[in-house]
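Colleague: structure for the following, please:
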Amino acid sequence: MPSYKKTDSAKFTIVVIGGGFGGLGVINNLSSTIDPQKHDLILVDARPIHISLPSTLRLVVSDTDNLIEKTFHPYGEHTFRKKLAGNGDSSRPPGDSVVKYDILVLATGSIWPGPIAFPTERSAIEEHVKVQRKEFAKASDILLVGGGAFGIELAGELKDVFPSKPITIIHRGRLLLNAAYPDRYRIALQKQLEGRGITVLIGDAIAASDATDVSESNVPNVGFVTKQGKHLKPDLVIPTWGIRPNTSFLPSDLLSSTGHVKILPTFQLPAHPNVFALGDIIDWQEQKSAAKAIYFHATKVVKNILTYLSLAELEGRSGVVDLPASRKSAKYNGSLEMIIVTNGKSSGVGYFGVLVGHHYRRVAQCTDEIEETHGFKHISSYWVCFVLALEAAHTAAAIQIVWSGTVAVATSYSTCEASLFETVITISVQAYYFHRIGQLSSKTWLSLLGWFVTTVSFGVGLFTNYQSFILEAVQWQLEWGWLVKVSFAGIATVDIFITGLLCYYLKRASAPAIKVPLMTSSAELVNRLIIWTVETGMLTSITSIAVLICFQMMDSNWIWYGLYLPMGKLYSNSLLASLNARASRRKMLGMVQMLSDAGSLATANTDDQHTKL
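Modeller: So this is what the prediction gives:
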């Protein structure tokens, strides 16, 4: 295997070992920020291609969707500030090779068992896929040993392609997955599998697997007797457990008892400040995932590398760089546990602190911690629930209005109630947006001015609503119509003001500190929020103006009120969309965007070197 040594070159050489999602996250971040005149960037990988693991389970089961080209991506040329920085050539040095480095990044990922244990040569990889497909096609009864995400997703893919074949998952734990996830999520996965006809045996194991690995090649003709005494006779057994970190090439003193790399919160190795590690191989108490490697690990590693480089330039190449002591260093404190376990092409269950698809998903999504850089911390779940409760009450009142206006009488308490709910929703959301403008602009007076205006509007709204309860509709419109007009005009003006300021400050904040090709999820989400702000601000403003015009010109009917009814929904949904501007949602958007664009990922050295070992 190659060895790695410090370089004496005038340039700083950064070597990244591992071309998985974590390694590519570092490569893509660094290649767009470092100076190619001062730095060399080298990727070292055992394979000549990047394998997008999330799609490999479907790939090895059948040729559905023709996933070969979407899953295997050659390491190609990469651009640096629109300047070609690599010629795409690659070399494989014979025997033991030496790659010199000033900074080393370890991102070698996991060693996977069974059908996705891909060889290193491109031709051998494609042959491996063909063999796996034939094995699955000829099998009449399939047993998957291990009920983690790997086994669950493989079972779903098999059931899609072979719906009539018996498929069994056996898992030694009391529930699927592990105790890092809540029981209700694990139970939901089991129910979904069983609903598709997949047999799930939990709290059980194959006795022989305690001593030896079970593989496709050693299935006994008599079958297996499980520890619980069940007799199984599969003709194909797939190990979907035993995933381990790919760290056997490292000295044992760098590793924990489980084979993971010991790191500091800065992702540095304790005794090696110029060596970083990330992804599945790190010794950190969390569940391993591609999303974490890309959006939680890689971003901090890159920031720390850039800080390290700046400190090294100040101290000199031979100087001591104390990154953990630097206030500019990025320290990792863990991340939100999130997982999406698919069950074939059309189903699955996700967990992001809550079950995706749960009745209160909107509330849960919006009460997570808000994006820290905007200063929106710990938005009260009670307040969000309060707004949603008002929206529900507003809906009920609107239904009553339809009944009252068409079947009963034209004037009813439901009309007055809906107006009251509308007023409270509108003012609550506008007050929040003024708070947000103050945070984005760092101008407290903007928030104070907005709160004053909304307080006045709230007072006017309460007064006119109170009068609507004690006066007949016609009398109320005659006596207080002028105040209602002023209120609608004020609401429209405030909406236009809020929309303009939000668009301005969001756009100003949309440029990320590190511009990353294909991974600008922060900017992408902010741009979507800007569009949403324009749309909702325009809709509420136009609606307010339309209500004002109808109220003024058609005072003999209630068309104005029909236009007024949808505004509560617009405001509450605008609030919920805005509250999703937080770190976890942004990273999730980036992950989906990056995986969908995986065919465009490319890596190369920034100085006509592109070495793959």
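
Colleague: could you pull out the strands for the stretch 251-400 of the chain?
Modeller: 268-269, 272-277, 339-342, 348-351 (DSSP state E, counting those that start in this stretch).

Colleague: what does the longest one contact?
Modeller: Looking back up the chat, that one is strand 272-277. 6, 101-107, 254, 261, 263, 266-269, 301, 304-305, 308, 321-323 (CB atoms under 8 Å, 6 or more residues apart in numbering). (Glycine included, C-beta is placed from N, CA and C.)

Colleague: hmm, try it at 7 Å
Modeller: 102-106, 261, 263, 267-269, 301, 304-305, 321, 323 (CB atoms under 7 Å, 6 or more residues apart in numbering).

Colleague: of all those, the one with the weakest confidence?
Modeller: The lowest pLDDT within the contacts of strand 272-277 belongs to Val321, with 70.

Colleague: quick check: that one touching Ala312?
Modeller: Yes: between Val321 and Ala312 there is a contact under CB atoms under 7 Å: 5.3 Å.

Colleague: each with direction, which strands does whichever strand or helix holds Thr13 pair with?
Modeller: Per DSSP states H and E: Thr13 is located in strand 12-17. Sheet pairing for strand 12-17, assigned by DSSP bridges, gives strand 39-44 (parallel), strand 103-106 (parallel).

Colleague: so what's the residue count around Pro113?
Modeller: Close neighbours of Pro113, defined as other CB atoms under 10 Å, add up to 20.

Colleague: so it sits against Pro239, correct?
Modeller: Yes: counting by CB under 7 Å, Pro239 is a contact partner of Pro113 at 4.5 Å.

Colleague: confidence-wise, which helix or strand of the chain is lowest on average?
Modeller: Every helix and strand in the chain was compared by mean pLDDT, DSSP states H and E; the lowest is strand 83-84, with a mean of 26.

Colleague: and the next helix or strand past that one?
Modeller: strand 98-101.

Colleague: return that following strand as CSV; C-alpha atoms alone will do.
Modeller: Only the C-alpha atoms of strand 98-101 are listed here, as CSV (Å, rounded to 0.1, in the frame of the first residue of the first chain):
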residue,chain,number,x,y,z
VAL,A,98,4.7,7.5,-1.7
VAL,A,99,2.3,10.4,-1.8
LYS,A,100,3.7,13.4,0.0
TYR,A,101,1.4,15.7,2.0
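
Colleague: show me what that strand packs onto, helices and strands only.
Modeller: strand 3-6, strand 12-17 (3 or more CB pairs under 7 Å, 6 or more residues apart in numbering; DSSP states H and E).

Colleague: flag whichever of those has the least confidence on average.
Modeller: Among the helices and strands packed on strand 98-101, strand 3-6 scores lowest, at a mean of 56.

Colleague: that older thread, now, which of the contacts of strand 272-277 sits nearest Asn178?
Modeller: Val261 (21.1 Å; CB to CB).

Colleague: I figured that closest one hits Trp284, correct?
Modeller: No: contact status for Val261 versus Trp284: not in contact, 9.5 Å apart, counting by CB under 7 Å.

Colleague: neighbour count winner among the two?
Modeller: Shown here are Val261 and Trp284; by other CB under 10 Å, Val261 has more neighbours (24 against 21).

Colleague: ok, so what distance separates that one from Leu250?
Modeller: Distance, Val261 to Leu250, using CB to CB, to the nearest Å: 7 Å.

Colleague: phi first, then psi, for Leu260.
Modeller: Slight slip there: residue 260 is His, not Leu. phi -90, psi 150 (degrees, to the nearest 10).

Colleague: ok, it - contacts?
Modeller: 245, 247, 281-283.

Colleague: now swap in Arg133 and tell me
Modeller: Arg133 neighbours (CB under 7 Å, 6+ apart): 60-62.

Colleague: in which helix or strand would I find it?
Modeller: helix 122-138.

Colleague: now that helix - C-alpha only, PDB.
Modeller: Only the C-alpha atoms of helix 122-138 are listed here, as PDB (Å, rounded to 0.1, in the frame of the first residue of the first chain):
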ATOM      1  CA  ARG A 122     -14.200  -1.100 -13.300                       C
ATOM      2  CA  SER A 123     -14.600  -4.300 -15.400                       C
ATOM      3  CA  ALA A 124     -14.800  -6.400 -12.200                       C
ATOM      4  CA  ILE A 125     -17.400  -4.100 -10.700                       C
ATOM      5  CA  GLU A 126     -19.800  -4.500 -13.700                       C
ATOM      6  CA  GLU A 127     -19.200  -8.200 -13.700                       C
ATOM      7  CA  HIS A 128     -20.000  -8.300  -9.900                       C
ATOM      8  CA  VAL A 129     -23.400  -6.500 -10.700                       C
ATOM      9  CA  LYS A 130     -24.300  -9.100 -13.300                       C
ATOM     10  CA  VAL A 131     -23.500 -12.000 -11.000                       C
ATOM     11  CA  GLN A 132     -25.600 -10.600  -8.200                       C
ATOM     12  CA  ARG A 133     -28.600 -10.000 -10.500                       C
ATOM     13  CA  LYS A 134     -28.400 -13.700 -11.700                       C
ATOM     14  CA  GLU A 135     -28.200 -14.900  -8.100                       C
ATOM     15  CA  PHE A 136     -31.300 -13.000  -7.100                       C
ATOM     16  CA  ALA A 137     -33.200 -14.000 -10.200                       C
ATOM     17  CA  LYS A 138     -32.600 -17.800  -9.800                       C
END
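
Colleague: cheers, nothing more for now.
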